[in-house]
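[1] heads up, no residue letters with this:
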């Protein structure tokens, strides 16, 4: 696992660069991640680019034997762009433009934003694409981190086009959503509201099919923007890999990872946690997307158990490990005083400086990891089901927490290596598969699960499996999987008919395999017991 | 008690109707409540009505021996109306229009809304008014359920007219409200704001006289709209009764029941509770308004103690009992999966299906209840006092909870039959009367209470009785009731002068009767003890 | 300590005045504070003044031997001014105008507001400036009480001018704030946003330098307005003192007291508390500003321990003590029923009436206090540091609570007389000085603290001392005070380098004095112990 760190040359006087690079090199750090929020200093005025400082900062790094992951700076449009084109700003669910002054103040549905962002990406690609020191690219920063949903006019129009593409006719949408309920029928796509709060005196919410589709559209808008950036880079960067830094699902899993990384080369993410099982889960979740080593793009330098945490992600296929960040920021929203990073505010080495240096020394000769082994136990993560649960009102479940803490934790603590899988075609090689809370029906997956058990697999599902179709509407017939795998004979869903005495509703052998049906309300403790019974 | 159920023919394919009606008839259910939210399918375009499906749905019900309570569908204006006349939408207290996409998105002060609503009511009345299967009408659905207060320009203008009617001159309003306080004097009614949040950095609120009047105006707007609907129906429906489905006070008692039901024929309401004393209270509250049997318009079919609950309301004068609803909705805001109604999502009978069938079989020959007996103990519910307390800031009391849980509960649990009364002229026949938290002075009631005790009644009042006048302003002289009934000699209110050792501040015999003065802060436990001492 | 009380002649019929003044005089109260919210009755229409009632009310007071503190009525602009000039209303952080109907609905940055306010102040000064009964003036009421920050267009423009004056050029601002962070660089002052909520889906906040400067600007706007009022009065009132009624820091210390009172003659404040140490703190805080007796402008008449509380403030230099208020308001936002003031709603004397009368009788002959003694122990209160902490997100500390409850309380309970000091030039005569949470660097104070210890003083500081510069940016070098007073040799801040075993990080003698370095996270209990060790 190679070490790197976030560094902000634009925050320093040029004469400081050599001092800082020297300290990094002395610690054994040979890579910096730079440029992430530098739009305003790269393009201080519309169309006027200033590359000199970045040329020099990269050159000085190289002089210290430090290479560069260059970030596109698109997460923070400069004031001149916002002022000239106010539609660049996204609009929040209360209908107010998200103000300038922080970050992620950009609407993925604003043509002005997208065009200006792609222009600077293109210019950076032209200039640094074949630079020998620039070894990889990171797109943007934490897509969808602060601004998850955009209620602007531009987003509304784009959503209408998205719906038209999905449903074809408004009659089909009305039929599939069931808009006869509460007289919600639409005559044209253009009438469909965005799911901003209804605003009644008593809590009242939007139609669940609308909510789920808007979540899909929002994720898709970000994926499309990422893919456009990647396409802008490709012609200039040769074989250099492109990644981005996704963040933890518990802060909002509003961006569909398999979609996002389909056009990228490496999975990259930021983990901020002090819970070993949570760190391990996200490492497994990263490796699972593309089934190969991943990069940690941010890991808190000041964390208290750095050595342990590096070991956890290293064992799970992390091939490059970027700390965030070299030193505390004295100013700005992330300013910090008392808590040191690699060095303190006055530039003194911190406790973790020593840990990093030891690690680097120990593994200096190690080759970069290029492939990973596959575990025999799988855990399915399904974004649509997660959104369906998190957007619900009466039936809300914190899906990411359930997956990580109710289920994954016990596998981790029992020492079971786990693959996180996202699609039906990732089940190869698994002998045991957990599919909790997969509420949304998927015909391909249904066939695959039946085959999985028939071939001898152990399958663990929950009582809500396939309760809803892809439009977030409850099914009115029981899918054949229940008969095939559980020997279920009733014309009714398990949860409707059975007064369960135990959260393990049924355990059934069929063909060469076996299926466990667990009540979706099973607690962390109950899952612990169930899992112990399966993996023993 | 006759059984009925909510059914939505517009949610089904016509071929399903016979299946569903068959299951209802087999359970002994002979009445369906339909049409509640069907505006968009009855009038899919402005002025174009489609009656065919409803004709057929009523006809098929009749074929199964099932009659119909027809609901006016006015709670959900269709998208074409909202799009054409945006003033149809009410505005919430933050100043935002309440969006299309849920229900109750209608301003009672919008002429466009009222005219279109009355048009479809009128057309339904013409078509179904003398239909032999249509045995009664329900107005709208839960008036004021989600949208309690409307801060639209239309509402503001209507409120100004309402104030002018109440006060005559702005000088009178200034004088009665005491607007000299904080320099709030108005020059014209048109200057008076609606009591939307002030929005200061520190919580700051509106003038209490303005708040109470706006609550009265808001209730009045709904009452006026209900009365207009009733008047539209009358010429066409002969003797068929009109009701509506009011809801529980604990969800907002913002609609004055005696006013609402004054122009209707039967009190109807929706109860969702699993507390026996709460169910009983609302049954008594229903019977009390018109002093005769009432209808349960919605009772949760999936409730866990259906048999017990049916008995509670039956004993208290419920003559028709409509369950809500036949089956779970697969889509829309009220979608439900695991919890069955009369049947499950796949159409299988639920546990309560059997309970309903047994009940229907047992009471099949019973005649419909036409009158009720009067209990000897009364409990006064006063909407103005309730609003005065609930709109207050420093002095807020959850009036409905106090009435139901602090006071009524102990009467119920002691097995005391109770009349809920609302006006001074409903005291006849009572021997004991509880008047808790009646903060607003009422001269007629004062005379009536004095007479009540003089004639031998037991009267229980709280220390805040008649502390404020009808403008929500504290009185500065002590009403004579305190002298007459409590022998109170001081030129001061009890609560101001006495350091109470007990929450039973005073107990005083006068003439043939007796009066108990209880501190308004008495807890549930303290009320239990006091009530035990009175009813023993 | 002379007694007075708030009275509202405009709330009463003139024939009531003699009754009320009679009761006051009988209690020994010889002064009333009047006029506070009377704008609408003094100027019922734009430019039309009505003085008759006020002339008479003052005259009747004089007839009972009662003099008057006259208040400028500017906290509540009348409806005619608001209607004519909507920019009079401030705008809250959600972007909505703060509505008419309560109080403090005025933007200090609105020219229309300021001009109309100064006009009525001027006219009152002309009429009553040399009135023999008008013995002092109170400006406005609780500046910044409800409306602390104004996000109006007028405020934004004024803030831009304020910034320009502070920073000179936008380049200087960018440099000092560090706006390269997150690409926040500005090209012109006119682009800088007000720190209204960003409004992102995940909590995101503004730049801390912007936040602190906006707090300073907001305080400065109020100070400027107060100074303009004082300047309007001076030519007409001779030597009569001017004060205002500031409020407790725990409700928002958003107004810099030394700035506010620099142009006034007496410190006046309102205390509402039942905690002896809190009452004592604010009394000491009042005396400390100008180093002389202060006035209590409001003290709750209905408080439960009036005798004790009067003694606490009397001992700390209160020379005039105004109760709030004579009687409960029957109407309006502050209406009150059950809780008596000096008299009840019906005009009966309350328990505290007797206490007041006894006090007045006992001290009738006492001369007014004109100077105060100085205590030997000081406690530093620093508004900039307080704001810096309270506006922070990650690092938020409730500064006023910390000062009052963590530190001051133990001095009070140990019987140690304490001076509250606000500036470096107020240290004379102190032997012990507490400077907790003084996060913002101050070069003058640094020199003064070094000298203080060298001259033999005991100095108690916290670990965050001087961590940030005046732009709310962390320092990157350790100020020399740490070397001089603590013998600190490291090129790093104490908190960054030391893993503290105790909250008393270091205790160090230097020259004739001694310094205690306490961790800023010390709890109330830990402070108690530390303080016990210092003052023994």
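    All right, it came through fine. Here the structure is a predicted model, which is why all the values come from computation and not from measurement.

[2] give me the number of residues near residue A:364?
    Here the number of neighbours of residue A:364 (other CB atoms under 10 Å in any protein chain shown) works out to 11. (Glycine included, C-beta is placed from N, CA and C.)

[3] and the closest residue to it other than its chain neighbours, how many neighbours does it have?
    Spatial nearest neighbour of residue A:364, chain neighbours left out: residue A:28 (6.6 Å); criterion: CB to CB, 6 or more residues apart in numbering or on different chains. Residue A:28 is flanked by 17 other residues according to other CB under 10 Å.

[4] residues touching residue A:28, list them.
    Counting by CB atoms under 8 Å, 6 or more residues apart in numbering or on different chains, residue A:28 touches A:3, A:356-357, A:359-361, A:364.

[5] out of these, what pair is the most spread apart?
    The most widely separated members of the contacts of residue A:28 are A:356 and A:364, with 12.4 Å between them, by CB to CB.

[6] domain parsing for chain A?
    A:2-65+A:266-362, A:377-535 (automatic domain parsing).

[7] how near is the residue nearest to residue A:364 to residue A:359?
    The spacing between residue A:28 and residue A:359, counted by CB to CB, to the nearest Å, is 8 Å.

[8] wait, isn't residue A:51 in contact with residue A:127?
    Yes - counting by CB atoms under 8 Å, residue A:51 touches residue A:127, with 5.8 Å between them.

[9] sorry, back to before: relative to residue B:97, which of the domains of chain A is closest?
    Among the domains of chain A, domain A:377-535 comes nearest to residue B:97, with 21.2 Å by CB to CB.

[10] chain center to that closest one: distance?
    On the basis of CA atoms, centre = their mean, to the nearest Å, domain A:377-535 sits 22 Å off its chain's mean C-alpha point.

[11] does chain C sit close to it?
    No - figure legend: domain A:377-535 not in contact with chain C (CB under 8 Å from any CB of the partner chain); closest approach 12.5 Å.

[12] picking that back up, could you export the domains of chain A to a markdown table, including columns for mean pLDDT?
    As requested, the domains of chain A are exported to a markdown table (pLDDT from 0 to 100):
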| stretch | mean pLDDT |
| --- | --- |
| domain A:2-65+A:266-362 | 97 |
| domain A:377-535 | 96 |
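
[13] can you list the ones you listed in TSV and add distance to residue B:369?
    Formatted as TSV, these follow (distance: least, CB to CB, whole Å):
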stretch	distance to residue B:369
domain A:2-65+A:266-362	62
domain A:377-535	35
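
[14] who are the packing partners of the helix or strand residue A:526 falls within?
    Assigned by DSSP states H and E, residue A:526 belongs to helix A:524-535. Other elements packing on helix A:524-535 under the criterion 3 or more CB pairs under 8 Å, 6 or more residues apart in numbering or on different chains; DSSP states H and E are helix A:409-413, strand A:458-462, strand A:513-518.

[15] what angle sits between it and strand A:513-518?
    For helix A:524-535 against strand A:513-518, the angle by axes from the mean of the first three to the mean of the last three CA atoms, to 10 degrees is 170 degrees.

[16] can you list the buried residues in helix A:524-535?
    For helix A:524-535, a neighbour-count test (16 or more other CB atoms under 10 Å in any protein chain shown) marks A:526-528, A:530-531, A:534 as buried.

[17] just name the most buried of the helices and strands packed on helix A:524-535.
    strand A:458-462 (a mean of 24; mean count of other CB atoms under 10 Å in any protein chain shown).

[18] neighbouring strands for that one, and are they parallel or not?
    strand A:432-435 (parallel), strand A:513-518 (parallel) (DSSP bridges).

[19] closest one to residue C:426 among the ones you listed?
    strand A:432-435 (67.8 Å).

[20] flag every buried residue along the next helix or strand after the closest one.
    Helices and strands here follow DSSP H and E; after strand A:432-435, the next one along the chain is helix A:443-454. Residues of helix A:443-454 classed as buried: A:445-446, A:448-450, A:452-453 (neighbour count, 16+ other CB under 10 Å).

[21] now the strands for the stretch 351-500 of chain A?
    A:377-380, A:418-421, A:432-435, A:458-462 (DSSP state E, counting those that start in this stretch).

[22] how far away is residue A:477 from residue B:330?
    For residue A:477 relative to residue B:330 (CB to CB), the value is 11 Å.

[23] the more surrounded of the two?
    residue B:330 (21 against 11).

[24] residue contacts, the more buried one?
    Residue B:330 is in contact with A:178, A:473-476, B:345, counting by CB under 8 Å, 6+ apart.

[25] can we see that at 7 Å?
    Neighbour list for residue B:330: A:178, A:473-474, A:476, B:345 [criterion: CB atoms under 7 Å, 6 or more residues apart in numbering or on different chains].

[26] hmm, back to that, of the strands of the stretch 351-500 of chain A, which is nearest residue A:306?
    Judging those by CB to CB, what sits closest to residue A:306 is strand A:418-421, at 23.4 Å.

[27] just checking: what are the partner strands of that closest one?
    For strand A:418-421, pairing defined by DSSP bridges yields strand A:377-380 (parallel).

[28] neighbour count: residue A:51 and residue A:127, which is higher?
    Shown here are residue A:51 and residue A:127; by other CB under 10 Å, residue A:127 has more neighbours (17 against 14).

[29] what pLDDT does the model give that one?
    pLDDT for residue A:127: 98.

[30] what's the helix or strand hosting it packed up against?
    Using DSSP H and E, residue A:127 falls within helix A:111-128. Counting contacts by 3 or more CB pairs under 7 Å, 6 or more residues apart in numbering or on different chains; DSSP states H and E, helix A:111-128 packs against helix A:208-237.

[31] now do the helix it packs on against helix A:111-128, angle only.
    30 degrees.

[32] checking residue A:70 next. Helix, strand or coil?
    Under the three-state scheme (DSSP: H, G, I helix; E, B strand; the rest coil), residue A:70 adopts strand.

[33] show me the contacts for it.
    Counting by CB under 7 Å, 6+ apart, residue A:70 has contacts A:34-35, A:124, A:128, A:134, A:137.
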